[in-house]
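> I would like the atomic coordinates for the input below:
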Amino acid sequence: TMARCDVSRQPTGSQGGKSLAGFKGFTLIELMITVAIVALLATIAVPSYLNSVRKSKRAEAKSCLLTAAQVEERYYYQNNTYVGAPIVTACPGGNYNLAYAAGEPTATTFKLTASPIAGTSQANDAYCTSLSLDQKGAKTAAGSDQAQCW
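You can find the predicted model right below:
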């Protein structure tokens, strides 16, 4: 024999004049467990996401430094000195400023440093507080995890 379904006990809302009085929803405990799970996932995911964003913005600084170094080399090739070479002071993404290191450039050397602009998310990047590149192509960094910077 076939099992019969008693549809008279199922909630139907306002259809047919029946109410939702027999319908059981979520309990407060179930809702609180769900909120706790979402909060736990958020505490793991958000810092990881922010770190990924910072790493991608570091690529902006690297690209900006390499482009500025190319300008320096073209100037040196034409003038046989780095002194007087033009420098772009801000990277296009608006997260880093470029500047020469103290005492640079000289006739035969330059060292460019990309530092995060205050007030941007990169200013909170403790791993790589600045990135530098010199005329030899030596890449250096400052911060708590310099190995990950370049």
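> please, which helix or strand holds the residue nearest the centre of the chain?
What sits nearest the mean C-alpha location of the chain, by C-alpha atoms, centre = their mean, is Val53, with 1.3 Å. Using DSSP states H and E, Val53 sits within helix 28-79.
> just checking, what packs against that helix?
Other elements packing on helix 28-79 under the criterion 3 or more C-beta pairs under 8 Å, 6 or more residues apart in numbering; DSSP states H and E are strand 96-100, strand 111-116, strand 130-134. Yep, even glycine has a C-beta here, placed from its N, CA and C like the rest.
> ok, now with 6 Å
The criterion is 3 or more C-beta pairs under 6 Å, 6 or more residues apart in numbering; DSSP states H and E, and the helices and strands that helix 28-79 contacts are strand 111-116, strand 130-134.
> chain center to the longest one: distance?
A distance of 18 Å separates the C-alpha centroid of strand 111-116 from that of its chain, computed with C-alpha atoms, centre = their mean, to the nearest Å.
> what about Gln148, neighbour count?
Gln148 has 12 neighbours, counted by other C-beta atoms under 10 Å.
> for it, give its distance to Asp125.
Applying C-beta to C-beta, to the nearest Å, the value for Gln148 to Asp125 is 10 Å.
> phi, psi for the nearest residue in space to Thr129 that is not next to it in sequence please.
With C-beta to C-beta, 6 or more residues apart in numbering as the criterion, Thr129 has its nearest non-adjacent residue at 4.4 Å, and that residue is Gly143. The phi/psi pair for Gly143 (degrees, to the nearest 10) reads phi 140, psi -180.
> got it, and Pro92?
phi -60, psi -30.
> could you measure from it over to Lys57?
Taking C-beta to C-beta, one finds Pro92 at 12 Å from Lys57.
> out of these two, which sits in the more crowded spot?
More neighbours surround Lys57 than the other of Pro92 and Lys57, with 20 against 11 (other C-beta under 10 Å).
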